[in-house]
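> Test case, fold it:
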Amino acid sequence: MNTKKIPPLLALALGALLPLCAPAQQTADPKAQETKPPAQAATPPAQTTTPPPAPEKKAVPPVFSYDPAGRRDPFKDLFGGQEVRENKRVVTRLSDMEIDEISIMGIVKTTERFEAIIAFADGFPMTLLVGQKLADGYVLSIEADKVVFRKTSERGLPLAKPRDIVKEFTSEEPAHE
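Residues are numbered from 1 along each chain as shown. Below is the predicted model:
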């Protein structure tokens, strides 16, 4: 073994053991602590220099508010509950028409039954018979002065309880007796 390397290793080992022995000597000899200069007594041990852990902060949920600043409120119903109907819908058959769209032009009595004359697309007349299906219901009955429809669906969804809609026809001419 090389004798030149031992003294530095020995000094390093003693340097590491010295701080461990120093606290034991301070507690054993209280008078030695009083004789130390104030600079040495004021230095705290290395173990207590870590700061205490910070208290946990509870996350507060953010509070949101909407300032319209002259703009419309995006959460407000634009139509205020009114029905919106697409005007570009093309009606090619009687089964495409809705009950609300039908206007009665007249009622005719044949030998077997009553027939209603309605205004079809662009005002063209068309006959309507009992039992004919429409987009949202069917014709329940036709009498001399009224047509009764049974509405079974609303906007394509079936109704829980069908309701009857009566459309009356009043002639402009006096009745012939």
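> In three-state terms, label residue 9 for me.
helix (DSSP: H, G, I helix; E, B strand; the rest coil).
> ok, how many other residues are close to it?
9 (other Cβ atoms under 10 Å). Quick note: C-beta positions are derived from backbone N, CA and C, even for glycine.
> mind listing what it touches?
Applying Cβ atoms under 8 Å, 6 or more residues apart in numbering to residue 9 gives no contacts.
> now the one residue sitting closest to the centre of the chain: how far from residue 65?
Nearest residue to the geometric centre of the chain (Cα atoms, centre = their mean): residue 75, 10.6 Å. Distance of residue 75 to residue 65, given as Cβ to Cβ, to the nearest Å: 12 Å.
> just to revisit the earlier point, torsion angles phi and psi at the residue nearest to the centre of the chain?
phi -100, psi 0 (degrees, to the nearest 10).
> Setting the sequence-adjacent residues aside, check what's closest to it.
Spatial nearest neighbour of residue 75, excluding adjacent residues (Cβ to Cβ, 6 or more residues apart in numbering): residue 66 at 7.7 Å.
> Now do the same for the one you found: helix, strand or coil?
Strictly by three-state DSSP, residue 66 counts as coil.
> Number of residues surrounding it?
The burial count for residue 66: 9, using other Cβ under 10 Å.
> chain center to stretch 158-171, what's the gap?
36 Å (Cα atoms, centre = their mean, to the nearest Å).
> same for the strand ranked longest in the chain, what does it pack against?
For the chain, the strand with the greatest residue count under DSSP state E is strand 157-168. With contacts taken as 3 or more Cβ pairs under 8 Å, 6 or more residues apart in numbering; DSSP states H and E, strand 157-168 sits against strand 137-142, strand 146-154.
> Could I get those in JSON lines, plus columns for distance to residue 170, mean pLDDT and mean neighbour count?
Shown next, in JSON lines, are those (distance: least, Cβ to Cβ, whole Å; pLDDT from 0 to 100; neighbours: other Cβ atoms under 10 Å):
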{"stretch": "strand 137-142", "distance to residue 170": "15", "mean pLDDT": "94", "mean neighbour count": "18"}
{"stretch": "strand 146-154", "distance to residue 170": "10", "mean pLDDT": "92", "mean neighbour count": "17"}
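> Done for today, thanks.
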